[in-house]
Structures are given as structure tokens and as C-alpha cells.
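Colleague: fold the following and give me the result.
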Amino acid sequence: MRKQIGSGSPWEDIVGYSRAVKVGNIIEVAGTTSMDGDTLVGEGNVYEQTKFIFKKIEKALQLLGSSLNDVVRTRMFVINIDDWELVGKAHAEFFVYIKPVATMVEVKRLINESLLIEIEVTAIISA
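Modeller: Modelled structure (predicted):
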């Protein structure tokens, strides 16, 4: 069975994607940024952007009957790899005991020049 949720962003219909999709016991959460509607949260601050993103991801997981405890993988795309310690600090605040596998890579840019990080996660709900 497939269930999907949206964030209400007009981009979901323009591009053709969902905020998160659950198939069986697996949930994939799309690339998530620190945009809150038209407002950028944490401008110039990768640590604040990262924390806001994980809170957004947590809400998406909850809407699909899951939580951060079910996350098995995080993928973090940063525009400056030198920010790894601040990103890692925020990541640890959410996952210090969960310890999913994690990937962090530097990318040339994101869709908005003020975005410093974009994150995706995979969660598997235990039976």
C-alpha cells in the first residue's frame, strides 16, 4: 500500500513530487530545506537550518505513522563541507542514540542561493 503526503508547496505539483512517500513499512522523505513557506529559517546559519530541517522531517514522519526513531539513513547536501561540524552537531542532537547511517556531501549549489543545506531521510518502521 502506498501513502504520500505533501507540504502544500506549489512546487510539488509543478515538479511532480511528494514531501514523503510510505510504501509498506518504508518511508522516503524528499530533499528538505529550511524554507517555511516563503520564509527562510536560519538565513546564514547552517546549524539553525539543519535543526529546522530535522524538525520538518520529524513532522512528515509523524504524519505517516513514524518517528525519528525509525530513521535508518540521512543524506545531507551542504554547499560548504567546512560546515560539517555544525551540521554534525545538529544531527547528533536528533540522532545521538538512534545513529542512522549518514552521508554528507558538498554540492555546488542548491535551488536557492540562501540555502546552506538540504536533507533527505529513509525510515523503516519496525514490525
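
Colleague: quick check, central residue of this protein?
Modeller: residue 119 (3.7 Å; Cα atoms, centre = their mean).

Colleague: these two touch, right, that one and residue 73?
Modeller: No - contact status for residue 119 versus residue 73: not in contact, 10.8 Å apart, counting by Cβ atoms under 8 Å. Where you see a C-beta, it was placed from the backbone N, CA and C, and this is true even at glycine.

Colleague: need the contact partners of the helix or strand bottoming out on mean pLDDT in the chain.
Modeller: The least trusted helix or strand in the chain, going by mean pLDDT, DSSP states H and E, turns out to be helix 10-11, with a mean of 82. Here helix 10-11 makes contact (Cβ atoms under 8 Å, 6 or more residues apart in numbering) with residue 17.

Colleague: quick check, distance from that helix to the centre of its chain.
Modeller: For helix 10-11, the separation from the chain centroid amounts to 17 Å (computed by Cα atoms, centre = their mean, to the nearest Å).

Colleague: can you check stretch 2-18 too?
Modeller: Relative to its parent chain, stretch 2-18 has a centroid offset of 15 Å by Cα atoms, centre = their mean.

Colleague: great, nothing more from me.
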